[in-house]
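Q: A predicted structure for the sequence below; I have some questions about it.
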Amino acid sequence: MNQNLVSIVFDSARLTAIDAALNALETGLADLVALPADQRRDLFKMGDKSEVFCRSTLTVLSQNPKIVNEGLGLPEALADMAALDALRPRLTRLRLLLDRGTDTETALGADIFATVLEGYGLLKVSGKSHGLEREFKALGRSRFPYKGGRKPDGSEGAASQS
């Protein structure tokens, strides 16, 4: 039974266009930062509730500039909020695209694996009569290294062959 979850072809023109688009994204998003794990872990996280608090506080502070000292960094915080608002919809699109790409990668692998397992079964059944016993055994050792043979430590595998 043939499994075909996805059929996709990447010719050179399509790959060139994709690579150009990725280069444009990398250039356009060059200001994005990569935080070390320990720094990321130690930062305040602005979740949904915190975001409401932050937005409301920024609004009150910007409406009452007399109580805000220059060292607070209010203009930078307002600029950061504007950048966050601009970035989020694009990140949502990128995440959806990444999810589709990951699902497509999984589907391609599953299609390949289903065909290979069926073909491996054909080799098992009729490979000997076609002089393919050596290839069948080599393929089996590469995928199922401990079944029916010796483990790397020299002990017997699950189903010993004599």
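A: Sure thing, it's come through.
Q: can you give me the offset of the top helix by length along the chain from its chain's centre?
A: With residue count as the measure and DSSP state H as the assignment, the chain has helix 74-126 as its longest helix. Average the C-alpha atoms of helix 74-126, do the same for its chain, and the two points are 5 Å apart (CA atoms, centre = their mean, to the nearest Å).
Q: also stretch 40-48?
A: Per CA atoms, centre = their mean, the displacement of stretch 40-48 from the mean C-alpha position of its chain is 22 Å.
Q: other residues contacting it?
A: Contacts of stretch 40-48 from elsewhere in the structure, counted by CB atoms under 8 Å, 6 or more residues apart in numbering, are 35, 50, 54. Bear in mind the C-beta positions are built from the backbone N, C-alpha and C, glycine included.
Q: which one of those residues is nearest residue 138?
A: When the contacts of stretch 40-48 are compared for distance to residue 138, the smallest value, 46.3 Å, is given by residue 35; criterion: CB to CB.
Q: so that closest one belongs to a strand, correct?
A: No: Residue 35: not assigned to a strand; according to DSSP: H, G, I helix; E, B strand; the rest coil it is coil.
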